[in-house]
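**Q** Quick one, fold the following:
(one chain, ligands or ions: 2)
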Amino acid sequence: TKDISILAIESSCDETSASIIVNGKVLNNIVATQSVHEKYGGVVPELASRAHQENLIPVVQEAVFSSGIAKEDLSAVAFTRGPGLMGSLLVGVSFAKAFAYGLGIPIIEVNHMHAHVLAHFIDEPKPEFPFICLTVSGGHTQLVLVKSHLEMEVIGETRDDAVGEAFDKTAKLLGLPYPGGPLIDKYAKAGNPRAFEFPITRMPELDYSFSGIKTAVLYFLRDQLATNPNFITENLNDLCASIQYSLIKMLTIKLEKAVKDYGVKNVAIAGGVSANSGLRQTLDELARKKGWELFVPKFEYCTDNAGMIAIAAHYKYLAGDFTTMDVAPLAKMKI
Ligand code: KG4
Ligand code: ZN
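**A** Ligands and ions are numbered 1, 2, ... in the order given. Sure, this is the predicted structure:
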């Protein structure tokens with residue numbers, strides 16, 4: 001029987017990525033990060049689209065070349081259909097369609113959030129079904145009940161900002177460069193998480209809200225700076241530790257509730273914020289205390305990457321789930 005070889009493309013936000021997967025094994029994961037956004041303090045959609053269109057072919061060439069597979073031997077081309085920035089998605093979707101048309105092979109659309117969850121199936125150890133995955137990044141905060149590779153249900157999500165956005169926006173208030181999440185993590189290590197008290201917003205059921213903390217930090221800093229202009233520099237570690245404490249608390253309260261409500265034992269985490277050392281430590285402790293089996297993918301597969309699109313496409317290929325050539329990207333797309 002013939003090998004199943006798929007080229008996968010990810011272009012939903014500001015990473016341009018390509019990956020080759022053969023028979024379920026991810027051979028490579030080439031990512032071009034766009035640095036153009038740094039000076040703007042956030043992703044500028046128009047610039048992201050342009051950078052994707054510049055970077056995509058070189059990234060694909062590198063993935064195909066380093067895989068040792070000839071283009072002509074590919075079985076399908078997969079791409080992120082959504083959710084994401086429309087202009088960014090258009091570049092990846094259009095490329096994937098044209099490339100597949102040229103080769104006369106089918107295309108496979110992948111939901112980006114679905115793929116974040118399936119990143120857990122790239123390497124060992126792989127979680128057993130059912131499990132709950134907390135997907136946390138700059139654009140997403142979701143609790144997903146995963147029943148099989150292709151069957152997932154969102155059981156909770158943010159009603160406003162994503163948690164990574166809350167990290168980045170509060171970091172900006174502290175005068176830190178974008179993206180501020182990793183810097184909050186770094187300074188928090190030397191700070192006291194109980195030094196200042198920031199709100200822990202409690203939403204109904206398994207939903208989240210992360211917009212309140214931004215406003216709370218803004219007003220708190222304004223008051224403190226009025227009497228002490230050096231307040232931030234003198235208290236940076238404690239501020240970062242206290243902000244991080246609130247964000248982690250909000251994440252874990254609902255995760256604990258979800259695990260209890262659904263009676264699962266396997267818990268996974270995905271997305272860029274899962275790199276946060278405070279979150280990892282808190283989850284390790286919780287897992288030990290509660291007897292959970294905890295799964296954290298390699299960092300390379302936590303942030304946006306085509307490896308996760310490739311693994312998702314592999315399962316869709318096995319299920320015969322192909323897409324027609326008139327497909328259009330979706331900025332909003334449900335799991
Ligand atoms: O998954 P990702 O690379 O891109 C998407 O947003 O889809 O996630 C990026 C987000 C940013 O908000 C960044 O600040 C956050 O992940 N992040 C962190 C850490 N590393 C990345 N937040 C807190 N602590 C970290 N160590
Ligand atoms: Zn993502």
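**Q** Report the contact partners of residue 319.
**A** Going by C-beta atoms under 8 Å, 6 or more residues apart in numbering, residue 319 touches residue 150. Placement of C-beta: from N, CA and C, glycine included.
**Q** how close does it sit to residue 296?
**A** Per C-beta to C-beta, to the nearest Å, residue 319 is found 27 Å from residue 296.
**Q** just residue 242 next, same as before
**A** For residue 242, the distance to residue 296 - C-beta to C-beta - is 24 Å.
**Q** Tally up the residues packed near residue 321, please.
**A** Applying other C-beta atoms under 10 Å, we find 14 other residues in the vicinity of residue 321.
**Q** pLDDT score for the residue in the stretch 51-200 of the chain that ligand 1 sits nearest to?
**A** Residue nearest to ligand 1 within the stretch 51-200 of the chain (C-beta to the nearest ligand atom): residue 181, separated by 2.2 Å. For residue 181, the pLDDT comes out at 96.
**Q** Alpha carbons of the strand or helix carrying residue 225, as CSV, please.
**A** Per DSSP states H and E: residue 225 is located in helix 212-227. Provided in CSV are the C-alpha atoms of helix 212-227 (Å, rounded to 0.1, in the frame of the first residue of the first chain):
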residue,chain,number,x,y,z
GLY,A,212,-11.4,42.9,33.8
ILE,A,213,-7.8,42.4,35.0
LYS,A,214,-6.5,44.8,32.4
THR,A,215,-8.7,47.6,33.7
ALA,A,216,-7.9,46.7,37.3
VAL,A,217,-4.2,46.9,36.7
LEU,A,218,-4.6,50.1,34.7
TYR,A,219,-6.4,51.9,37.6
PHE,A,220,-4.2,50.4,40.3
LEU,A,221,-1.0,51.6,38.5
ARG,A,222,-2.5,55.1,37.8
ASP,A,223,-3.2,55.5,41.6
GLN,A,224,0.2,54.2,42.6
LEU,A,225,2.1,56.2,40.0
ALA,A,226,0.4,59.4,41.2
THR,A,227,2.3,59.3,44.5
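**Q** number of nearby residues for the closest residue to residue 275 other than its chain neighbours?
**A** Leaving aside its sequence neighbours, residue 275 sits nearest to residue 299 (C-beta to C-beta, 6 or more residues apart in numbering; 5.5 Å). Around residue 299 there are 11 other residues, counting by other C-beta under 10 Å.
**Q** now swap in the one 5 residues further on and tell me
**A** A count of nearby residues for residue 304, using other C-beta under 10 Å, gives 27.
**Q** and stretch 23-36, is it in reach of ligand 1?
**A** No. In terms of C-beta under 6 Å from any ligand atom, no part of stretch 23-36 sits within range of ligand 1; the closest distance is 9.2 Å.
**Q** Could you give me the buried positions within that stretch?
**A** By neighbour count on 16 or more other C-beta atoms under 10 Å, the buried set for stretch 23-36 is 26, 27, 28, 29, 30, 31, 32, 34.
**Q** what's that stretch in contact with?
**A** Stretch 23-36 has contacts (C-beta under 8 Å, 6+ apart) with 3-5, 14-21, 43-44, 47-48, 51, 55, 58-59, 62-63, 66-67, 69, 122, 300-301, 303-307, 310-311, 314.
**Q** where does residue 297 land on pLDDT?
**A** 89.
**Q** mind giving me the domain split of this protein?
**A** Split into domains by automatic domain parsing, the chain comes to 5-117+302-318, 126-296.
**Q** picking that back up, which members of the buried residues of stretch 23-36 define the maximum pairwise distance?
**A** Spatial extent of these (C-beta to C-beta) is set by the pair 27 and 34 at 24.0 Å.
**Q** Return the residues in contact with the one residue in the stretch 201-335 of the chain that gets nearest to ligand 1.
**A** Proximity of the stretch 201-335 of the chain to ligand 1 (C-beta to the nearest ligand atom) peaks at residue 272, 2.1 Å away. Contacts for residue 272 (C-beta under 8 Å, 6+ apart) come out as 136, 137, 138, 164, 181, 302, 303, 304.
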